[in-house]
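**Student:** Structure of the sequence below:
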Amino acid sequence: MSAPQGHRGTILVADDNEANCDLLSSLLSAEGYQVVCVADGQQALEQLNSDTIDLALLDVVMPRPTGFDLCQTMKSKPETRLIPVILLTSLNSDADRIHGIMCGANDFLNKPVNKHELLARVYSLLRLKQFTDELDNAETVLFSLALSIEAKDPYTEGHCDRLSKYSVALGEKLGLPEDLRVALRRGGLVHDIGKLAVPEHILLKPGPLTPEERKIMEQHTIIGERICSPLRSFRHVLPIIRHHHEKWDGSGYPDGLEREQIPLTARILQITDIYDALTTDRPYRQALPLENAFTIMREEVKRGWWDASILDEFETIVLGSVPLQPAR
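**Tutor:** Predicted coordinates:
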C-alpha cells in the first residue's frame, strides 16, 4: 500500500540489529518515507533532539536505554510526547505489553515484522500525527493573536504569561485535574483574544470609557469564546474566556452569573488577573506592593465581587513563593 501524498513523514528506526534496520528502512523508503536508522537508545535520543521526527519504531530490547525506557522518556517531554511510538518486540507476554502501554506506546509489532501490517500501522499513526500537528498549528495561531493584543500596550507586557503561571499554580493548590490546569494555562494566554474586535481607540483609551464604549468592550468575552469555539481541545478554555469578568454578586458580565454559577476556572483566572493588574506598572500609577494589592482585593471581596476562598488560597501561594512574584 502506498502512502498518499501529504501523509509521508520522517520515521526513526532504532534497532541494534543491523539486518532489521536495513529491512525496515527498505520497506519504508519504498513507500516514500524518509528513514533515519540508529543502533541504540542514546543515538535515538540524540536524533529526536536534532531532527523533526514524525514517528518512532523502537526495538524493545536495544541497549542504552531500552525501547521501553526511551518510549517513556519521549512521552514525558512536551517536545516529543506527541510523536507516535511503535514498539518492535519478540516478547509475547501480557506483562510486557502492559508495560509498553504504561510507557505510552501507541502500538506494537511482533518480530518478524509483517510488511503489510507495518505499513498499515505506520500510515494510520502518521495520519493521526498530521491531525495533531494541524491542531497544534491552530492553537499556535491563537496564542500569537492573543500576544499581539498584549503587544499593543507596553504596560501589559508579560501579562498573559504571568496569568498562565499564577493560574496553574492556584489550580494545582486547589487540586484541579490536569485537563483543567491545561485549560488555565491556555486561558491565561487567550482570555482576552476577543479584544481583536475592539477598536483601538477604545482598547487603548487612557481615560474612562463612555457607556457606549464600555458596551463594545464588554463584547470581547463573547467574541473571544466564538473565536476559540471551533477547537475541541479548547472546550475547557471557553468558560474561562466567556466568564472571567463575572462577579460573585452577579454584577459582572456578560451573563450576570453569581457565586458558584461562575465556573471555578474563571474565578481562578479573575483573581490572578486583578492581582497582576495591581502589582505591575500602569500609566496612571506605579505597581503596588503585594500587601497593598491584597488589601484592595480584600475590600473588593467585601463588596461582593470575588470568591474569598480562592483569594485566600492565592495569597498563601504568592506570599509563600517568591518565584511567583512578577518582576518589577
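
**Student:** List the buried residues in the one helix or strand E212 maps to.
**Tutor:** Secondary structure assignment for E212, by DSSP states H and E: helix 211-218. Buried residues in helix 211-218, defined by neighbour count with 16 or more other Cβ atoms under 10 Å: 213, 217-218. No exception for glycine: its C-beta is placed from N, CA and C like everyone else's.

**Student:** Name the residues that touch it?
**Tutor:** Residues from elsewhere that reach helix 211-218 (Cβ atoms under 8 Å, 6 or more residues apart in numbering): 198-199, 202-203, 205, 209, 245, 253-254.

**Student:** can we see that at 7 Å?
**Tutor:** 198, 202, 209, 253-254 (Cβ atoms under 7 Å, 6 or more residues apart in numbering).

**Student:** Return the helix or strand in the chain with minimum mean pLDDT.
**Tutor:** helix 115-151 (a mean of 80; mean pLDDT, DSSP states H and E).

**Student:** ok, back up a step: determine the set of other helices and strands touching whichever helix or strand comes after the helix holding E212.
**Tutor:** Once helix 211-218 ends, the next helix or strand along the chain (criterion: DSSP H and E) is helix 220-228. Packed against helix 220-228 by the contact rule (3 or more Cβ pairs under 7 Å, 6 or more residues apart in numbering; DSSP states H and E) you find helix 238-243.

**Student:** now D133: how far from D54?
**Tutor:** 9 Å (Cβ to Cβ, to the nearest Å).

**Student:** Tell me which of those two has more neighbours.
**Tutor:** Higher neighbour count among D133 and D54: D54, with 22 against 13, using other Cβ atoms under 10 Å.

**Student:** follow-up on the earlier one: return the closest of the buried residues of helix 211-218 with respect to L147.
**Tutor:** M217 (19.5 Å; Cβ to Cβ).

**Student:** tell me the pLDDT at the closest one?
**Tutor:** On pLDDT, M217 comes in at 92.

**Student:** and the contacts of helix 211-218, which are buried?
**Tutor:** 198, 253.

**Student:** one step back: and after the least confident helix or strand of the chain, which helix or strand comes next?
**Tutor:** Downstream of helix 115-151 (by DSSP H and E), the next one is helix 159-173.

**Student:** How is the protein partitioned into domains?
**Tutor:** If you go by automatic domain parsing, the domain ranges for the chain are 10-133, 152-324.

**Student:** gap between the two ends of the first one?
**Tutor:** With Cα to Cα, to the nearest Å applied, domain 10-133 spans 14 Å between its terminal residues.

**Student:** Sketch out the low-pLDDT regions of the stretch 151-300 of the chain for me.
**Tutor:** Filtered on pLDDT under 70, the stretch 151-300 of the chain yields the residue ranges 151-156, 283-284.

**Student:** so which strand or helix has V182?
**Tutor:** Going by DSSP H and E, V182 is in helix 178-190.

**Student:** Following the chain onward from that helix, which element is next?
**Tutor:** Assigned by DSSP H and E, the successor of helix 178-190 is helix 200-203.

**Student:** Can you name every helix or strand that that next one contacts?
**Tutor:** helix 211-218.

**Student:** how far out from the middle of the chain is the helix it packs on?
**Tutor:** Using Cα atoms, centre = their mean, to the nearest Å, the mean C-alpha position of helix 211-218 is found 31 Å from that of the whole chain.

**Student:** what does stretch 67-74 give?
**Tutor:** For stretch 67-74, the distance to the chain centre is 22 Å (Cα atoms, centre = their mean).

**Student:** So what touches it?
**Tutor:** 41, 44-45, 48, 56, 58-60, 80-81, 83, 85, 87, 99-100, 103-105.

**Student:** Look up the pLDDT of the nearest residue to R8 once chain neighbours are set aside for me, please.
**Tutor:** In space, R8 comes closest to G32 once its chain neighbours are excluded; the distance is 4.8 Å by Cβ to Cβ, 6 or more residues apart in numbering. pLDDT recorded at G32 is 92.

**Student:** I figured L174 hits E313, correct?
**Tutor:** Yes: here L174 reaches E313: they are 6.2 Å apart, a contact under Cβ atoms under 7 Å.

**Student:** Check for me that G100 belongs to a helix.
**Tutor:** Yes: counting by DSSP: H, G, I helix; E, B strand; the rest coil, G100 is part of a helix.
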